[in-house]
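Asks: Test case, fold it:
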Amino acid sequence: MVNCAILIGRLGADPESRFTTDGTHICNFRIATTEKWKDKESTEWHRIITFKKLAEICGSYLKKGSLVYITGRIQTRSWEDKEGVKRYQTEIIANTMKMLDSRKQESHESADTEDDDCPF
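Replies: Residues are numbered from 1 along each chain as shown. The predicted structure is shown next:
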């Protein structure tokens, strides 16, 4: 089975970095992908999560408006809010990020990715 997302989009805000209690670096950001046809346009927002070295790179080099190429796996998690309502959130757990802005063309892959479901 394959669980692979491939996205090219722009960051809607600066990335947010944090560390777990065991010191693992996590970086979250959202990117927008836009589809255009005739005189219409549709934008989707995607939540991206990176870990460890890739999180460090994303937190250091990405900013609002950055154009990025992301590959990763799709994950949906659920929880109950304060009122007891079940909530869901779908995210992309990234294992590859490439900066596509002309001034910074670098490619980064996580060396310690456990799930390598993308066949390419």
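Asks: and stretch 98-109, what's its mean pLDDT?
Replies: The predicted model assigns stretch 98-109 a mean pLDDT of 68.
Asks: hey, what's the spatially most central residue of the chain bridged with?
Replies: Compute the mean C-alpha point of the chain, and by CA atoms, centre = their mean the closest residue is Ile48, 2.1 Å away. Ile48 forms beta bridges with Phe29, Ile92, as assigned by DSSP bridges.
Asks: Tell me where the protein has strands.
Replies: Assignment of strands within the chain using DSSP state E yields the ranges 5-11, 16-19, 25-37, 40-51, 67-80, 86-99, 107-109.
Asks: Which one of these lies nearest to Tyr61?
Replies: Across these, Tyr61 has its closest neighbour in strand 86-99 (6.6 Å, CB to CB). (Glycine included, C-beta is placed from N, CA and C.)
Asks: pLDDT weak spots in the protein?
Replies: Scanning the chain for pLDDT under 70 picks out 103-120.
Asks: Name the nearest residue to Glu56, sequence neighbours excluded.
Replies: Using CB to CB, 6 or more residues apart in numbering and skipping the chain neighbours, the partner closest in space to Glu56 is His25 (5.2 Å).
Asks: Does the one you found touch Gly59 like I think?
Replies: Yes - using CB atoms under 8 Å, His25 is in contact with Gly59, at 7.4 Å.
Asks: anything in contact with each of these two?
Replies: Common neighbours of His25 and Gly59, using CB atoms under 8 Å, 6 or more residues apart in numbering, are Ser17.
Asks: For His46, grab the count of nearby residues.
Replies: 19 (other CB atoms under 10 Å).
Asks: you'd agree it is up against Ile6?
Replies: No - with contact defined as CB under 8 Å, His46 does not reach Ile6; the gap is 11.1 Å.
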